[in-house]
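Sharing a model prediction with you, sequence too.
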Amino acid sequence: MTSTANADHDVTGSADSAVPADADHRDVLVDVRGVKVHFPIRKGVIFDKTIGYVYAVDGVDLQIRRGETYGLVGESGCGKSTLGRAILNLEPPTEGSVTFDGVDIASLKGEELRRKRQDIQMVFQDPMSSLDPRQSVESLLLEGLKAHGLIENDAAANQRLRELLAAVGLPPAALKKYPHEFSGGQRQRIGIARALSVNPKLIVADEPVSALDVSVQAQVINLLEDLQEEFGLTYLVVAHDLAVVRHISDRVGVMYLGALAEEAPAADLYARPLHPYTRALLSAVPVPDPVIEDQRERILLTGDLPSPANPPTGCRFHTRCPWRQPTRCDTERPVLRTVELPGVPKDHRVACHWAEQIESGELRPHEVEAIAVEQTAGVLAPDSPIIGPTSIGEIG
Ligand SMILES: Nc1ncnc2c1ncn2[C@@H]1O[C@H](COP(=O)(O)OP(=O)(O)OP(=O)(O)O)[C@@H](O)[C@H]1O
């Protein structure tokens, strides 16, 4: 693996403890250590010259425990999908390692890699573009089974397909139909059945409901939760929408410009965000009560999201941070660390030099008078109708 890092990027921003405090190593299904994915920017027709890099993922440590749902959130372009692809070994890391079920996936080749890939499946945002329109549902579902040699005979295959459809709440008649004959929610169910067909351990769901109507989103989220319980699945759910991730996740990681800004059990993160970026995102979420809505402080995020091809020095967030402090914030990259604050669990980690001082009120934001929020990309109210009284039987 070659490092493309410049001097500033050599500061990895790695966590003080890669494995969460209360996690046993055997509990960890996915172990991401110091992962960087840098895409070269090339110029020239005849001589292909590298003139820079897009620092899409720039030093991420995270662990996903068996049976949990890890929600990864962040604005468009912060590197969520690239990190997901690195975990699947579809995008080999420039630096760092990804261990899946105790095995470094970069070391696998041929048959071993094919078998490991069976354990990790993806659910995509737009089922219409991920399902071949010329294939019937039967053929789409058989594909994975055949590729991994999981078909003993026709009768067993037929039984398996029916079980898969039942698991995702679709009738057996769906087998003979084509993707265009289904609604968006039903198509996502087919995508989920396809992922399930090879008995994976991990499902990486990249924006699994963002292309669906709000009323259908809840059904698909509930389906994913039911399937997790039934089949003992582990999920990495990638989304730009804090509301989706809140309801489905056990733990949430907030990404900003290629690195984790904060990571915590979902309830803690939403109740007590410690990173200025997470605070700003959550402060932008409207509250249904107009009195509270009127009184609460909103945090101004100034400026645009910097380009990952030219990230700020020091703390990636300092150019937009209302609490930024001279020198340290723009020169020293903060590591993801635990904080010594009463009531904050050890697995609530934050990459901010001043998390304690901000939380205690010792440091005040520079733009205290500002109440408008300029940049709130993709944030929905935590109580948005994502979670409705829906069941696995309801078909979206
Ligand atoms: N193959 C590639 N070559 C060059 N740059 C890339 C490549 N793939 C992604 N990028 C860039 O890397 C950065 C991170 O992209 P990524 O898709 O991972 O972000 P994201 O957070 O998933 O965004 P979105 O929610 O819009 O998908 C972006 O600036 C993107 O343009």
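In hand now; what should we look at? Numbers count the residues shown, from 1 in each chain.

C-alpha only now, for contacts and for neighbours.
Noted.

how close does Gly77 sit to the ligand?
3 Å (C-alpha to the nearest ligand atom, to the nearest Å).

and that residue, which of the three is it?
coil (DSSP: H, G, I helix; E, B strand; the rest coil).

That one against His240, yeah?
No - shown here, Gly77 and His240 do not form a contact pair, counting by C-alpha atoms under 8 Å, at 10.0 Å.

Just the element for Gly144, please.
Gly144 belongs to helix 137-147 when assigned by DSSP states H and E.

residues in contact with His353?
Cys329, Pro334 (C-alpha atoms under 8 Å, 6 or more residues apart in numbering).

Number the residues from 37 up from this point.
Sounds good: first residue 37 from here, last item His389.

Now do the phi/psi pair for it.
In terms of degrees, to the nearest 10, the main-chain angles of His389 are phi -70, psi -30.

Return the distance of the residue lying closest to Ile257 once chain neighbours are set aside relative to Leu259.
Sequence neighbours aside, Ile284 is the residue nearest to Ile257 in space, at 7.0 Å (criterion: C-alpha to C-alpha, 6 or more residues apart in numbering). Distance of Ile284 to Leu259, given as C-alpha to C-alpha, to the nearest Å: 11 Å.

do Leu65 as well
22 Å.

Using PDB, list the CA coordinates for the longest helix along the chain.
The longest helix of the chain (DSSP state H) is helix 250-267. Output in PDB follows, covering the C-alpha atoms of helix 250-267 (Å, rounded to 0.1, in the frame of the first residue of the first chain):
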ATOM      1  CA  VAL A 250     -41.500   8.800   3.700                       C
ATOM      2  CA  SER A 251     -44.500   6.500   4.400                       C
ATOM      3  CA  VAL A 252     -42.600   3.600   2.800                       C
ATOM      4  CA  GLN A 253     -39.300   4.400   4.500                       C
ATOM      5  CA  ALA A 254     -40.700   3.300   7.900                       C
ATOM      6  CA  GLN A 255     -41.800  -0.100   6.500                       C
ATOM      7  CA  VAL A 256     -38.400  -0.800   5.000                       C
ATOM      8  CA  ILE A 257     -36.600   0.300   8.200                       C
ATOM      9  CA  ASN A 258     -38.800  -1.900  10.300                       C
ATOM     10  CA  LEU A 259     -38.300  -4.800   7.800                       C
ATOM     11  CA  LEU A 260     -34.500  -4.400   8.200                       C
ATOM     12  CA  GLU A 261     -34.900  -4.500  12.000                       C
ATOM     13  CA  ASP A 262     -37.000  -7.600  11.900                       C
ATOM     14  CA  LEU A 263     -34.600  -9.400   9.600                       C
ATOM     15  CA  GLN A 264     -31.700  -8.400  11.800                       C
ATOM     16  CA  GLU A 265     -33.300 -10.200  14.800                       C
ATOM     17  CA  GLU A 266     -34.400 -13.200  12.800                       C
ATOM     18  CA  PHE A 267     -31.100 -13.900  11.000                       C
END
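
Show me what that helix is packed up against.
The contact analysis (3 or more C-alpha pairs under 8 Å, 6 or more residues apart in numbering; DSSP states H and E) places helix 250-267 against helix 220-232.

Who does whichever helix or strand comes after the helix it packs on pair with, and is each partner parallel or antiparallel?
Counting by DSSP H and E, the next helix or strand C-terminal to helix 220-232 is strand 238-242. If you go by DSSP bridges, strand 238-242 pairs up with strand 156-159 (parallel), strand 270-275 (parallel).

Out of the ones you listed, which is the most enclosed?
strand 270-275 (a mean of 25; mean count of other C-alpha atoms under 10 Å).
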